[in-house]
Structures are given as structure tokens and as C-alpha cells.
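Undergrad: sequence first, then the predicted structure, then my questions.
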Amino acid sequence: MRDATASEQLTWALGAERVANGRAAADTPARSGAARFPPLPSETYAVIYADPPWDYKGQLQHAGPGSADTGGAARHYPTTTLDDLKRLDVGSIAAPDSLLFMWATNPHLDQAIDLGKAWGFAWATVAFVWDKARVNPGFYTLSQCELCLVFKRGRIPHPRGSRNERQLITARRGPHSAKPEEARRRIERMFPQQAKIELFARRRAPGWEAWGLEMLEEEEEAIA
Ligand SMILES: C[S@@+](CC[C@H](N)C(=O)[O-])C[C@H]1O[C@@H](n2cnc3c(N)ncnc32)[C@H](O)[C@@H]1O
């Protein structure tokens with residue numbers, strides 16, 4: 001994500017009055033219901049792959065100590081409360097038989113299961129465990145893994161492709177918040193024929209529809 005657009009994104013998503021000094025106003029009352037979302041497509045998809053901007057109590061996400069971006073406001077984006085995420089009508093773009101693959105940071109696991117259900121899916125299992133091959137500080141144990149959950153609506157989409165994809169992905173971390181491409185490749189092999197959309201995407205992957213603030217910017221730039 002380009003530095004210059006991060007605060008613009010925040011302004012767009014939260015409303016200018018809720019942004020102060022490059023930070024979401026943490027003391028803003030009634031955050032719930034305030035986030036804005038770009039319009040969702042009118043089509044339906046059998047595979048929905050989401051990486052929500054989980055809320056860290058109103059603070060912007062940033063790369064943190066040890067990263068190349070330390071000390072700067074680079075690579076940050078607006079975060080969204082669970083109540084706001086629930087307002088996004090993901091059910092409207094889900095085919096009757098569809099799967100929701102959703103990344104969840106470890107402290108947000110309970111919220112992620114809540115969100116998948118609120119979007120009209122039934123909890124299924126953990127699709128992928130991403131071993132980042134490097135530890136981060138943690139309050140309890142050193143943090144090393146992130147989970148991609150899978151939820152189901154109706155039946156598992158057919159026809160199915162690969163049935164022997166592994167759960168564990170070992171891949172070094174890339175840019176802040178970027179998820180390993182291997183997860184996407186495994187989903188593609190599992191469901192090669194189904195319509196697929198990535199929510200909260202940063203780029204448009206071949207064969208996928210992409211939706212999110214950064215896709216909105218891309219569309220606006222194309223129109224301009
Ligand atoms: C966790 S990041 C996604 C990272 C991505 N999966 C990757 O691998 O690079 C969350 C994304 O959600 C976007 N976002 C934040 N608030 C949003 C909103 N209100 N509507 C749509 N997208 C939003 C951010 O701009 C950010 O690109």
C-alpha cells in the first residue's frame with residue numbers, strides 16, 4: 001500500500017471527523033456502525049476469501065518494531081470493529097453452496113467465528129495454519145502462527161479439485177499483513193472451477209474478483 005493513501009483510506013472509511021493526527025480517534029464514542037464499505041458486487045461466489053482489518057481498539061495497524069517500516073506510518077490501514085464488519089452483507093454475494101476462508105489474528109479468533117456465523121456461514125474447521133518461520137513477542141508464548149478458518153454455507157461446492165492439500169503452510173512473512181500466496185494457490189487447486197472473490201484485497205489476483213478499499217482506489221484511478 002502506498003504511504004500517501006493510508007490516511008486517505010482512513011478518512012474515507014471512518015469519516016474525516018473521526019481522524020486525528022493520523023490516528024483513528026480512539027475516544028470517539030459509538031464507533032459501531034460508522035465504518036464505510038465500498039459496494040459489494042451483485043454476483044455470487046462459491047469461494048469467498050477474506051482478510052478483515054481487525055480492530056485494535058481504534059489504532060492504526062503499523063509494521064511495528066523490527067520491520068523495515070519501523071518508526072513510520074507506512075503500510076497502515078483503517079481497522080474496523082466487529083459490529084461494523086457484521087454490517088457488511090457478505091451473505092448477499094455467497095452462492096447457496098459456498099465456502100468462506102477467513103484469516104484471523106490469534107487475539108481475534110473468537111470474533112472471527114462470530115463474524116463468519118453473522119455472515120450466514122456455519123463454522124467448519126481450520127483450513128490453514130501459517131507458520132511464519134520466525135517468532136514475534138507475545139504476552140503468553142512467542143507468536144509464530146496465524147490461522148485461516150473455513151466456514152460453509154449449504155454444501156461444499158462441487159465439482160471439487162484437489163482433495164489432499166495440506167493444512168500447514170511454512171512461509172516467511174512478507175510486507176505487513178500480507179498473507180502467503182500459497183494459501184490462495186491451495187484454494188485454487190481445491191476449487192478450480194468455482195467463482196472466487198477476495199475481500200479486503202490489496203491487489204487483483206488472476207482468476208479472482210477483488211474487493212476492498214485499495215481496489216476502490218484502483219477503480220478511481222482507472223476512471224480519472
Ligand atoms: C489485513 S489487510 C489485507 C491484506 C491482504 N490480505 C494481503 O495479503 O495483502 C486489510 C485490508 O482491508 C482494507 N480495509 C480497511 N477498511 C476497509 C473498509 N472499510 N472497506 C474495505 N476495505 C477496508 C485495508 O485497506 C487493507 O487493505
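TA: Received, thanks.
Undergrad: show me what contacts the residue nearest in space to the middle of the chain?
TA: Closest residue to the average C-alpha location of the chain: residue 51 at 1.3 Å, with C-alpha atoms, centre = their mean. If you count contacts by C-beta atoms under 8 Å, 6 or more residues apart in numbering, residue 51 has them with 102-103, 177, 179, 198-201. Any C-beta I mention is one placed from the backbone N, CA and C, and that applies to glycine too.
Undergrad: again with residue 220
TA: Residue 220 is in contact with no residue at all, counting by C-beta under 8 Å, 6+ apart.
Undergrad: where does it land in three-state SS?
TA: helix (DSSP: H, G, I helix; E, B strand; the rest coil).
Undergrad: from residue 146, how far out is it?
TA: 31 Å (C-beta to C-beta, to the nearest Å).
Undergrad: which residues of the chain lie near the ligand?
TA: For the chain, the contact set with the ligand under C-beta under 6 Å from any ligand atom comprises 9, 13, 35-38, 51, 53, 77-78, 80, 177-179, 200, 202, 212-214.
Undergrad: and the strands in the chain?
TA: For the chain, strands defined by DSSP state E occupy the ranges 19-20, 23-24, 45-50, 94-104, 122-136, 143-153, 168-170, 196-199, 209-211.
Undergrad: so what's residue 166 closest to, chain neighbours aside?
TA: residue 186 (7.7 Å; C-beta to C-beta, 6 or more residues apart in numbering).
Undergrad: the one you found touches residue 128, doesn't it?
TA: Yes: in this structure, residue 186 is within contact of residue 128 by C-beta atoms under 8 Å, at 7.1 Å.
Undergrad: between the two, which contacts overlap?
TA: Counting by C-beta under 8 Å, 6+ apart, the common neighbours of residue 186 and residue 128 are residue 169.
Undergrad: looking at those two, which one has more neighbours?
TA: Between residue 186 and residue 128, counted using other C-beta atoms under 10 Å, the more crowded position is residue 128 (24 against 20).
Undergrad: that one against residue 171, yeah?
TA: No: using C-beta under 8 Å, residue 128 makes no contact with residue 171, being 10.5 Å away.
Undergrad: skipping adjacent residues, who's closest to residue 151 in space?
TA: Counting by C-beta to C-beta, 6+ apart, residue 121 is the residue found nearest to residue 151 once chain neighbours are left out, at 3.4 Å.
Undergrad: what ranges do the helices span in this structure?
TA: Taking DSSP state H to define them, one finds helices in the chain at 3-14, 82-87, 109-118, 181-190, 213-223.
Undergrad: fine by me, we can end here.
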